[in-house]
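**Student:** Have a look at this prediction, sequence included:
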Amino acid sequence: MNKGISATLIIIIVVAMVGVAVVSLQSLKLEVKNNEPTADEPKTETDEEKIPAIKETSQPKEKPEETPKEPISPIPKPAPTQPILKNIGFNLDFYDPSTKKAGDILFVNKIGDHFNNKIFLEFAHEVVGTDGPSILPHPTYFLPLGTKLFSPVEGKIDKVNYQERDDDYEINIIPDGLPSWRVSFDHIINLKVQEGDKVRAGDIVGEVAQRNSPAIPPELGWTELQVGPSSSSGPMAVCPFSLLDDSVKGDIESKITQLTKDWEEFIGKDVYKQEDWVAPGCLLHNITER
């Protein structure tokens, strides 16, 4: 009897202890769950998270000293191999009917057939003389007597030649930096320069010479501008109009073209073949025969 009671008590005690343990475990789970933040409740920082991070500080690095760079020099332009002309030796402008002038050129309807009735002869114009036809190695200008002639280049007067037959002069200019080239005026008087003189582009060197010919009126003179190397190699002459500086080239070319049109209208006759020009005023770029 006593043994049966004791077994029963033991069972009751064990069941009670298990129940207590179950209740304690459930209470612990509930407490943990209650302590978790909800979606609307911000998460609290732990003690470790509350400790601010210590930023690593370091001294600024010193920049290495830079080696000073040498200034870059501009690339020099190649030296010209031919003269560069700043003008064509006289003043050319568009034709003004009120004065009958195109700059220094005077419109007079008296240029003879020997010169094909042209107010100026282009470079490489063909003329027929006592020795037969020949190609001119220069343009020829018919200008009023007293017209001033300008040096087209900077350089030095090399030679001054007196020409007894025509009673006028020829002068040669050596362009600066081009000792083998010559820029020449033929048929020039009242010289303003002598051999050895330095000249700048635009300096007056003399005046047009008189031309004793029935082919041009007495109020007009003439002069020729020739450019070419002094040596036997290379071309005999180059068209001066193709050697103009870029700063004046377009302006002078347009004036030459318009001059020929205005002259043809003035005399009522077509005398220039502009379609044969390789450049305004040039029937050829150069002449090689000597």
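**Tutor:** Ah, there it is. Residues are numbered from 1 along each chain as shown.
**Student:** So which residues of this protein form helices?
**Tutor:** Listed in chain order, the helices of the chain (DSSP state H) span 2-35, 47-50, 246-267.
**Student:** Do a quick rundown of the strands in the stretch 51-200 of the chain.
**Tutor:** Using DSSP state E, counting those that start in this stretch, the strands found in the stretch 51-200 of the chain span residues 92-96, 101-103, 105-106, 120-121, 126-129, 132-135, 140-144, 148-150, 155-163, 168-175, 181-189, 198-199.
**Student:** Distance to Ala237, mean pLDDT and mean neighbour count for the ones you listed - can I get that in TSV?
**Tutor:** Yep, even glycine has a C-beta here, placed from its N, CA and C like the rest. Shown next, in TSV, are the strands of the stretch 51-200 of the chain (distance: least, C-beta to C-beta, whole Å; pLDDT from 0 to 100; neighbours: other C-beta atoms under 10 Å):
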stretch	distance to Ala237	mean pLDDT	mean neighbour count
strand 92-96	20	98	15
strand 101-103	24	98	18
strand 105-106	22	98	20
strand 120-121	14	97	22
strand 126-129	14	87	11
strand 132-135	10	89	10
strand 140-144	13	97	22
strand 148-150	18	98	21
strand 155-163	16	97	16
strand 168-175	13	97	22
strand 181-189	9	97	22
strand 198-199	21	98	16
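**Student:** closest one to Asp251 among those strands?
**Tutor:** strand 92-96 (9.2 Å; C-beta to C-beta).
**Student:** and for the closest one, what are the contacting residues?
**Tutor:** The contact list for strand 92-96, computed with C-beta atoms under 8 Å, 6 or more residues apart in numbering, reads 101-105, 107, 252, 255-256, 258-259, 262-263, 266.
**Student:** ok, 10 Å please
**Tutor:** For strand 92-96, the external contacting residues (C-beta atoms under 10 Å, 6 or more residues apart in numbering) are 101-105, 107, 120, 141, 251-252, 254-256, 258-259, 261-263, 265-266.
**Student:** Write the ChimeraX selection for whichever of the residues you listed are buried.
**Tutor:** For the buried members of the contacts of strand 92-96, the matching ChimeraX selection, counting by 16 or more other C-beta atoms under 10 Å, is:
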select :102,103,104,105,107,120,141,252,255,256,258,259,262,263,266
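**Student:** quick revisit: compare the strands of the stretch 51-200 of the chain and give me the one nearest Asn286.
**Tutor:** strand 132-135 (11.0 Å).
**Student:** roughly how far is that closest one from the heart of the chain?
**Tutor:** 40 Å (C-alpha atoms, centre = their mean, to the nearest Å).
**Student:** Who does that strand pair with, and is each partner parallel or antiparallel?
**Tutor:** Strand 132-135 has the following strand partners under DSSP bridges: strand 126-129 (antiparallel).
**Student:** got a list of contacts for the strand it pairs with?
**Tutor:** Residues outside strand 126-129 that contact it (C-beta under 10 Å, 6+ apart): His114, Phe115, Asn116, Leu121, Pro133, Ser134, Ile135, Leu136, Thr140, Leu283.
**Student:** Nearest to the spatial middle of the protein, which residue is it?
**Tutor:** Geometric centre of the chain, nearest residue: Asp246, 8.4 Å, by C-alpha atoms, centre = their mean.
**Student:** Tell me how many other residues surround Pro137.
**Tutor:** Neighbour count of Pro137, defined by other C-beta atoms under 10 Å: 21.
**Student:** Enumerate every residue touching it.
**Tutor:** Shown in contact with Pro137 (C-beta under 10 Å, 6+ apart): 123-124, 224, 226-228, 235-239, 284, 286-287, 289-290.
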